[in-house]
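J.: model the structure of this input:
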Amino acid sequence: MQGLAFARAQAEGSVNSLYANGGKEEVCQRMISLIDGGAYDITASAPMFGELEALVLWAEKPR
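T.: This next block holds a predicted model:
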């Protein structure tokens, strides 16, 4: 549970920091540029690729 709380706090901090430098419209334009530029593409060279791949495999397992 501590790991989950930490991850949530990190995610909330990241989102909040986006809005520290502008309103919704400015943030959206900045994010569109980053996404179009590939900044959020997940490739094998991403630092957490192994963990993300394991999470996908876990989520795909039938329950």
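
J.: show me where the protein has its helices.
T.: Listed from the start of the chain, the chain has helices (DSSP state H) covering 2-18, 24-36, 49-60.

J.: out of those helices, nearest to Ile42?
T.: With Cβ to Cβ, the closest approach to Ile42 among these belongs to helix 49-60: 6.1 Å. In short, each C-beta sits where N, CA and C put it, glycine included.

J.: need the contact partners of that closest one.
T.: Residues outside helix 49-60 that contact it (Cβ atoms under 8 Å, 6 or more residues apart in numbering): 42-43, 46.

J.: who wins for neighbours among the residues you listed?
T.: Ala46 (13 neighbours; other Cβ atoms under 10 Å).

J.: that residue: what's it in contact with?
T.: Contacts for Ala46 were tallied using Cβ under 8 Å, 6+ apart; they are Leu52.

J.: and it, how close does it get to Gly38?
T.: Applying Cβ to Cβ, to the nearest Å, one obtains 11 Å for the distance of Ala46 from Gly38.

J.: equivalent analysis for Ala20, please.
T.: Per Cβ to Cβ, Ala20 is found 24 Å from Gly38.

J.: likewise for Gln2?
T.: From Gln2 over to Gly38 the distance is 33 Å, taken as Cβ to Cβ.

J.: repeat for Ala9
T.: Shown here: Ala9 relative to Gly38, a distance of 27 Å by Cβ to Cβ.

J.: list the contacts of stretch 15-34.
T.: Residues lying outside stretch 15-34 but in contact with it, judged by Cβ under 8 Å, 6+ apart, are Tyr40.

J.: could you dump that stretch to CSV, C-alpha only?
T.: Extracted C-alpha coordinates of stretch 15-34, given in CSV (Å, rounded to 0.1, in the frame of the first residue of the first chain):
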residue,chain,number,x,y,z
VAL,A,15,0.0,16.6,-13.1
ASN,A,16,0.0,19.6,-10.7
SER,A,17,3.3,20.7,-12.0
LEU,A,18,1.9,20.8,-15.5
TYR,A,19,-0.5,23.5,-14.4
ALA,A,20,2.1,25.5,-12.5
ASN,A,21,3.1,27.2,-15.8
GLY,A,22,-0.2,28.0,-17.5
GLY,A,23,-3.9,27.2,-17.9
LYS,A,24,-5.6,24.3,-19.5
GLU,A,25,-5.1,25.5,-23.1
GLU,A,26,-1.4,26.1,-22.7
VAL,A,27,-0.9,22.8,-20.9
CYS,A,28,-2.9,21.0,-23.7
GLN,A,29,-0.8,22.6,-26.4
ARG,A,30,2.5,21.7,-24.6
MET,A,31,1.3,18.1,-24.1
ILE,A,32,0.2,17.7,-27.7
SER,A,33,3.7,18.8,-28.8
LEU,A,34,5.4,16.4,-26.4
